[in-house]
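[1] Sequence isn't available, so here's the structure alone:
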């Protein structure tokens, strides 16, 4: 028993050692370049300067406030997109007629980058919250919709035929065969949609906002503060990874059978 525990402990140490070795190496190279004068504070400040900025902005509440505002915006737009994409994706997957009706419009809109909608969003909704929520909605909708539709289309027809043979009700077929069969695709689309939503909120805040992580990036640029810009970029990456990790764990629990 002790040997098994020791092996498990050794595997954990090995995993986390490998996991952190590359980020630590980057920090050493970054700091070394600053010490040797290869990089300068006005272009790429040393990591300790970025940490110092993070401490100052955390102490005065600016950093936490901007992060919370961006996350709340993302969640609002993402939840709306999730329900809309699931509803339309399931309807298109179950009804060939509905798919034909919606196919042209959706296929034309799909290649348009969410950022390209920003000028129209500002004209339609102004520079308030509605325009940002709209951009987030556009960014999150298509990954969820497409994966939902593909998930339904990739279900093995034999299961549906078997359900018809045993005269299973349509409601139970949809619930226990179609939705469960498409769930791995849906969860993948959900993760992609959330990642896209996070990118979109930062982009929209960089153009028209007075708060949020994207605004912090632009504020750092306007003030010639590369330390603030780099901190904002790191926050974008860290928060994005954290949100994806949460959805990944949720996905693993929901589709253990997969």
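    In hand now; what should we look at? Please read all numbers here as calculations on a predicted model, not as lab measurements.
[2] For residue 99, give me its contacts.
    The contact partners of residue 99, taken as C-beta atoms under 8 Å, 6 or more residues apart in numbering, are 92, 93, 149. Any C-beta I mention is one placed from the backbone N, CA and C, and that applies to glycine too.
[3] Surely the last one is in contact with residue 92?
    So the one you mean is residue 149. Yes - between residue 149 and residue 92 there is a contact at 5.5 Å, judged by C-beta atoms under 8 Å.
[4] Could you identify the buried members of the contacts of residue 99?
    Buried by 16 or more other C-beta atoms under 10 Å: 92, 93, 149, out of the contacts of residue 99.
[5] any idea which helix or strand carries the last one?
    Per DSSP states H and E: residue 149 is located in helix 129-153.
[6] elements contacting that helix?
    Using 3 or more C-beta pairs under 8 Å, 6 or more residues apart in numbering; DSSP states H and E as the contact criterion, the elements in contact with helix 129-153 are helix 62-94, helix 96-109, helix 118-125, helix 179-207.
[7] Check which element follows it along the chain.
    helix 157-165.
[8] so what does that following helix touch, helix or strand wise?
    Applying 3+ C-beta pairs under 8 Å, 6+ apart, one finds that helix 157-165 contacts helix 170-173.
[9] what's the neighbour count on residue 83?
    Neighbouring residues of residue 83 were enumerated by other C-beta atoms under 10 Å; the total is 11.
[10] what separates it from residue 249, distance-wise?
    Between residue 83 and residue 249 the computed distance is 22 Å (C-beta to C-beta, to the nearest Å).
[11] picking that back up, is it possible to get TSV of the helices and strands packed on helix 129-153 that adds distance to residue 141 and mean pLDDT?
    Listed next are those as TSV, based on distance: least, C-beta to C-beta, whole Å; pLDDT from 0 to 100:
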stretch	distance to residue 141	mean pLDDT
helix 62-94	4	92
helix 96-109	9	90
helix 118-125	14	87
helix 179-207	7	88
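[12] could you dump these to a markdown table with distance to residue 230?
    As requested, those are arranged in a markdown table below (distance: least, C-beta to C-beta, whole Å):
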| stretch | distance to residue 230 |
| --- | --- |
| helix 62-94 | 13 |
| helix 96-109 | 35 |
| helix 118-125 | 24 |
| helix 179-207 | 14 |
